[in-house]
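In: Below is the structure, and that's it, no one-letter string:
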């Protein structure tokens, strides 16, 4: 199994947010997590990444238990996250932000190859590489957040709300790039409010409600499901 999440429980302080979440991601897939605000989508990604410590259940990646590891060790195993809200380092340049993403990579030649690939994916970052990240537009900062995660050379990329706050034309561009990243061999688990775009991109999807998985199906079936269309697709 590539990624397996089993009966995951997690929260903040005494408040439990995830009440036994189980899901899987197979190698090569794009899997989408849908749900309303407060459903536990971001907490699921943060717990998989090791940034939130689970109170129960298990996270396994390539057969290894991750749930007891610190987040930097999770990164070393090839599981990286592009966070909600981008969280770029505004007082550093684009290039400095990108290089920070490679902090676990020891092969400098491979790092340079990855950097060239990211500039091919996002030519705007190449044009802005000496510019302070805090002066970039929202779309450019999203490109940078994804590029920074890619610098760690992930086998599994976790994307949290990559289209949040972006103009429709930029949303389309970001999703086309996500597909290209997947086609290059990177498996993707994505949380995205734009449910229609996410499901058109994904292989399979899970629906979270109040910290529990209430539905799992192929992306095509979820797109055609009347209750999903009414709740998340505006139809």
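Out: Yep, it's here. Remember, it's a predicted structure, so these values are computed and weren't measured experimentally. Numbers count the residues shown, from 1 in each chain.
In: Give me the most central residue, this structure.
Out: residue 159 (1.6 Å; Cα atoms, centre = their mean).
In: Phi and psi next, for that one.
Out: Here is the backbone geometry of residue 159 (degrees, to the nearest 10): phi -110, psi 120.
In: just residue 52 next, same as before
Out: Dihedral angles (degrees, to the nearest 10) for residue 52: phi -120, psi 130.
In: What sits closest to it if chain neighbours are left out?
Out: residue 46 (4.3 Å; Cβ to Cβ, 6 or more residues apart in numbering). The C-beta positions use only the backbone N, C-alpha and C, and glycine is treated the same way.
In: Helix or strand for the one you found, just tell me which one.
Out: Per DSSP states H and E: residue 46 is located in helix 41-49.
In: Does anything pack onto that helix? Which helices or strands?
Out: strand 3-12, strand 15-25, strand 30-34, helix 71-76, strand 79-82, strand 156-160, strand 187-191 (3 or more Cβ pairs under 8 Å, 6 or more residues apart in numbering; DSSP states H and E).
In: Out of the ones you listed, flag the one nearest residue 58.
Out: Closest approach to residue 58 among the helices and strands packed on helix 41-49 (Cβ to Cβ): strand 3-12, 4.6 Å.
In: quick revisit: tell me the spacing between the residue nearest to the centre of the chain and residue 174.
Out: Noted for residue 159: a distance of 9 Å to residue 174, by Cβ to Cβ, to the nearest Å.
In: For the residue lying closest to residue 188 once chain neighbours are set aside, grab the count of nearby residues.
Out: Leaving aside its sequence neighbours, residue 188 sits nearest to residue 30 (Cβ to Cβ, 6+ apart; 4.5 Å). Counted with other Cβ atoms under 10 Å, the neighbours of residue 30 add up to 25.
In: got it, and residue 93?
Out: Neighbours around residue 93, by other Cβ under 10 Å: 16.
In: Now do the buried residues in the lowest-mean-pLDDT helix or strand in the chain.
Out: When each helix and strand of the chain is scored by mean pLDDT, DSSP states H and E, helix 226-232 comes last, with a mean of 83. By neighbour count with 16 or more other Cβ atoms under 10 Å, helix 226-232 contains the buried residues 228, 231-232.
In: Packing partners of it?
Out: helix 195-201.
In: And for the helix it packs on, what's in contact with it?
Out: Helix 195-201 has contacts (Cβ atoms under 8 Å, 6 or more residues apart in numbering) with 30, 32, 34, 163, 171, 175, 178-179, 190, 192, 205, 219-220, 222-223, 228, 232-233.
In: quick one: the least confident helix or strand of the chain to chain centroid distance?
Out: Between the centre of helix 226-232 and the centre of its chain there are 23 Å (Cα atoms, centre = their mean, to the nearest Å).
In: now stretch 197-217
Out: That offset, for stretch 197-217, works out to 14 Å (Cα atoms, centre = their mean).
In: mind checking the end-to-end distance for it?
Out: Start to finish, the residues bounding stretch 197-217 are 16 Å apart (Cα to Cα, to the nearest Å).
In: For that stretch, buried residues please.
Out: Result for stretch 197-217 [16+ other Cβ under 10 Å]: buried residues 197-199, 201-208, 211, 213, 217.
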